[in-house]
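1. after the sequence you'll find the predicted model.
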Amino acid sequence: MAKTPTTADYAPDIRGMDLSIKGPLIKEGALLSAQVEARDSANRPMVWRDLPMFATKYHRTAVDMMYDLGLNTPYFYQQAVKSHGVVPFDLELLVRIYDRSPSSCDWDRPTVREIFETLYGQTVQGFGEELSAKAHMAYGARFARLLGRATTVLYRWLIDESGTTRRIGNIISKLQTAAQQGQDARREFETLAIAIWANRGYDVDKAYPSYTPETIEVKHIRKSSVRPAIVKRMAGKEEKYPGGTF
């Protein structure tokens, strides 16, 4: 038997409220009030019940949506879209990317480190060798949060290139395609992600801002937090074992 929603299950109406720099005021899975859900979907968090409209718009089946959005099964999709709950951040980001560029993802996908270099490499290089470590950490953290991930995932992505979820893989595939087509992939990605976070009450642009060589000088990053392996790997300077696999 379905649980009857309580007041605690509903997201606050954040209209007129200051955005938080600590985290989103509207959490994944929260229910929107009828008044908030009735607003244009561009001005509120996306909910599961929005997805069938997207599927209809682009003639996608439940199986298509499963693959497009990195869901487990078509049955999961069919059940989830009955919910008024707020979808995960990365799912909304991916849907809005598809809406701007309606096509399937390429099979040949970049690693997260490669797409980071595509989007931010030139910017980071502009900080020079002395500030390289700080710039990599600051922009890496910004990138992780704009993807809806905790900043600590940066180490796993950039040191050992661990695999990502299929949904993140789809996102970075679309970003790579946009960049290859000559689009300003970073601007489009950041514009979408910042707006989605703002609809959830989070000012990610203030929490993890873009820096200049002047402003990053005053950013406090503990020396122990700047992992040399990250900077060496991203700069292509790490030593590699010349033999075979262990």
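-> Alright, I've got the coordinates.
2. phi, psi for the residue nearest to the spatial centre of the chain please.
-> Among the residues of the chain, L147 comes closest to the average C-alpha position under CA atoms, centre = their mean, at 1.4 Å. Dihedral pair for L147: phi -90, psi 0, per degrees, to the nearest 10.
3. next one: it from D64, what distance?
-> Per CB to CB, to the nearest Å, L147 is found 23 Å from D64. The C-beta positions use only the backbone N, C-alpha and C, and glycine is treated the same way.
4. now S173
-> On the measure of CB to CB, S173 and D64 end up 16 Å apart.
5. can you check R113 too?
-> Using CB to CB, R113 is found at 30 Å from D64.
6. thinking again about what came up before, go ahead and confirm the residue nearest to the centre of the chain touches L94.
-> No - shown here, L147 and L94 do not form a contact pair, counting by CB atoms under 8 Å, at 10.2 Å.
7. got any residues that touch both of those two?
-> Counting by CB atoms under 8 Å, 6 or more residues apart in numbering, the common neighbours of L147 and L94 are I171.
8. now stretch 105-119: buried residues?
-> Judged by neighbour count (16 or more other CB atoms under 10 Å), stretch 105-119 contains these buried residues: 105, 109-113, 115-119.
9. what two of those are the furthest from one another?
-> Within the buried residues of stretch 105-119, C105 and E117 form the most distant pair, 19.2 Å apart (CB to CB).
10. apart from its neighbours in sequence, what residue is nearest R109?
-> Counting by CB to CB, 6 or more residues apart in numbering, R109 lies nearest to S173, which is 4.7 Å off, once chain neighbours are set aside.
11. next: R142.
-> Nearest residue to R142 in three dimensions, chain neighbours excluded: Y208, at 4.0 Å (CB to CB, 6+ apart).
12. in the host helix or strand of Q78, what counts as buried?
-> Under the criterion of DSSP states H and E, Q78 resides in helix 74-80. Neighbour-count burial for helix 74-80, counted by 16+ other CB under 10 Å, picks out 77, 80.
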